[in-house]
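Peer 1: Fold the stuff below for me.
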Amino acid sequence: MLELQTTPTIQQEGIDWLSLAEALGKQFAVSEAEADQNDWFVTDNIARLKSSGLVGAGVPVELGGGGASYSDLCAVLRILGCHSSSTALAFSMHTHQVMVPTWRWRNQNAPVDGLLKRVATEQILILSSGGSDWLRSSGTAVKVEGGFLVTARKVFASGAPAANLLMTSAVYEDPERESTVLHFAVPMTAQGISIEPTWQAMGMRGTGSHDVVLSDVFVPDAAVALQREQGKWHFIFHLISMIAIPLVYSVYVGVAEAVRDRAVQLAMKRRTDEHLCYMVGGLNNELTAAKLALEHMISTAITSQPGFETTNQVMTGRALVAKAVLNVADLAMEIAGGSAFYRKLGLEKLFRDVQGVRYHPLREEAQRKLSGQLALGWNMSSL
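Peer 2: Residues are numbered from 1 along each chain as shown. So this is what the prediction gives:
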């Protein structure tokens, strides 16, 4: 059984993480709006997350962290998403890179305590390229004495401007094996790493999801944490799916809650309109569907072991959350009417931000394919 703390409570260090997230979220709104208008990264908000201790909240107490439970961190991200979409989404990428090694430390006795202690004591921020790389990865790794030279462009790297450590991968054409994906960590200050400011997007504009460019970056042999066959499912991706996706999608449910609240606030001016009541009721149904699907994802992560069936359950929940959240946004725009088109009402930004729910893996087509393969008894060891 997955040994992650499950009950949202005040933790051993005496910190009520949910109340802290609520207080911070309310402070983040101004910076979030400025970032959206100017294509800026939410620098100040991330700095406040660091100073608050939330960056190390998921690190076990035994390793100097806050000892926050997995469900607490999902709730924290949902609360932050309700107040500051971009801040929450960027922070979710760091959070899952903390909770994956935490799971491995608790369940596999993996030697990741050094990384987790650094997160807790130095408040380092971890950057991930996993979503855009997924099973095939990208970039090239060339073998040299003592390690590899890596050249790659990692897109959608949310939180790049504030990150300290990049968790990524590249493809090594091993002459003795199939194409091999190498997984490794590299400091953002390493020679050959640069950030190309490409993030001018429809929504989630403050996430700083720029391209990270690696140009002949030296990665020592000792830094390669994992080697796997390219394009094939591996345990690590079942673990990432189980841990990361519920955290990321907690953000979008939080954004959907903000959409619902704003739409209802606007609808109060016409509260006696029966058709409007019908639409608001439909909006509430969709939000409830999103919450229920998210709860299923979180409970699956807490009670299951990584594997195809767990991945299937989590990714099915991901598809259901995405569909319901997008329906919430659509109905909110209908409820508000033409006035929703005005930026000053706030719905327009939330509508744009929530569109990002479409793009994290597994997208619905791939999820349906995987679910169907399992249902029809395919030999999953070949995938």
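Peer 1: ranges for the strands of this structure?
Peer 2: 126-128, 140-144, 147-157, 165-172, 180-187, 193-196, 210-220, 224-229 (DSSP state E).
Peer 1: With only the CA atoms kept, save the fifth one in PDB.
Peer 2: It stands for strand 180-187. Listed next in PDB are the C-alpha coordinates belonging to strand 180-187 (Å, rounded to 0.1, in the frame of the first residue of the first chain):
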ATOM      1  CA  THR A 180      17.900   4.300 -24.600                       C
ATOM      2  CA  VAL A 181      16.400   7.100 -22.600                       C
ATOM      3  CA  LEU A 182      18.600   8.500 -19.800                       C
ATOM      4  CA  HIS A 183      17.000  10.300 -16.900                       C
ATOM      5  CA  PHE A 184      19.100  12.700 -14.900                       C
ATOM      6  CA  ALA A 185      19.200  15.900 -12.900                       C
ATOM      7  CA  VAL A 186      21.200  18.900 -13.800                       C
ATOM      8  CA  PRO A 187      21.600  22.300 -12.100                       C
END
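Peer 1: show me the contacts for Met242.
Peer 2: Met242 makes contacts with Leu2, Thr300, Ala301, Ser304, Pro306, Thr310, Thr311, Val314, as judged by C-beta atoms under 8 Å, 6 or more residues apart in numbering. Just so you know, the C-beta spots here come from the backbone N, C-alpha and C atoms, and that holds for glycine as well.
Peer 1: Which one of the residues you listed is nearest to Gln123?
Peer 2: Ranked by distance to Gln123 (C-beta to C-beta), the contacts of Met242 are led by Ala301 at 25.0 Å.
Peer 1: Would you mind measuring from the closest one to Asn285?
Peer 2: Here Ala301 is placed at a distance of 25 Å from Asn285 (C-beta to C-beta, to the nearest Å).
Peer 1: more crowded one of these two?
Peer 2: Ala301 (29 against 14; other C-beta atoms under 10 Å).
Peer 1: Would you agree the more buried one is in contact with Tyr70?
Peer 2: Yes. Using C-beta atoms under 8 Å, Ala301 and Tyr70 qualify as a contacting pair, with a distance of 6.6 Å.
Peer 1: Tell me the predicted confidence for the closest residue to Tyr172 other than its chain neighbours.
Peer 2: The shortest distance from Tyr172 to any residue other than its chain neighbours is 4.2 Å, reached at Ala141 (C-beta to C-beta, 6 or more residues apart in numbering). The predicted local confidence for Ala141 comes out at a pLDDT of 98.
Peer 1: What of Thr7?
Peer 2: 36.
Peer 1: domains in the chain, as residue ranges please.
Peer 2: For the chain, the structural domains run 17-124, 130-229, 235-382, going by automatic domain parsing.
Peer 1: Check the ones you listed for me and report the most buried one.
Peer 2: Of all the domains of the chain, domain 17-124 has the most neighbours on average by mean count of other C-beta atoms under 10 Å, namely a mean of 21.
Peer 1: what mean pLDDT would you report for that one?
Peer 2: If you average the pLDDT over domain 17-124, you get 96.
Peer 1: Next, the distance between the ends of it.
Peer 2: Between the opening and closing residues of domain 17-124 we find a distance of 19 Å, counting by C-alpha to C-alpha, to the nearest Å.
Peer 1: so how far is that domain off the chain centroid?
Peer 2: Here domain 17-124 is found 11 Å from its chain centre; the criterion is C-alpha atoms, centre = their mean, to the nearest Å.
Peer 1: go on, stretch 295-302?
Peer 2: Offset of stretch 295-302 from its chain centre (C-alpha atoms, centre = their mean): 15 Å.
Peer 1: what mean pLDDT does that stretch have?
Peer 2: Per-residue scores along stretch 295-302 average to 98.
Peer 1: For it, report the contacting residues that lie outside it.
Peer 2: Residues outside stretch 295-302 that contact it (C-beta under 8 Å, 6+ apart): 2, 4, 6, 70-71, 74, 242-243, 245-246, 249-250, 310, 313-314, 317-318, 321.
Peer 1: hmm, 7 Å instead?
Peer 2: 2, 4, 6, 70-71, 74, 242-243, 245-246, 249, 310, 313-314, 317-318 (C-beta atoms under 7 Å, 6 or more residues apart in numbering).
Peer 1: go on, stretch 354-372?
Peer 2: 89, 131, 134, 202-204, 248, 252, 255-256, 259, 312, 315-316, 318-319, 322, 325-326, 329.
Peer 1: quick one: the residue lying closest to Cys74 once chain neighbours are set aside and Leu266, what's the gap?
Peer 2: Counting by C-beta to C-beta, 6+ apart, Ser250 is the residue found nearest to Cys74 once chain neighbours are left out, at 4.3 Å. With distances taken as C-beta to C-beta, Ser250 is found 25 Å from Leu266.
Peer 1: List the residues that contact Gly131.
Peer 2: Taking C-beta under 7 Å, 6+ apart as the definition of contact, the neighbours of Gly131 are Phe156, His360, Pro361.
Peer 1: will you turn the strands of the chain into a markdown table that also has distance to Ala21?
Peer 2: Written out in a markdown table, the entries for these read as follows (distance: least, C-beta to C-beta, whole Å):
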| stretch | distance to Ala21 |
| --- | --- |
| strand 126-128 | 19 |
| strand 140-144 | 39 |
| strand 147-157 | 24 |
| strand 165-172 | 23 |
| strand 180-187 | 27 |
| strand 193-196 | 28 |
| strand 210-220 | 26 |
| strand 224-229 | 31 |
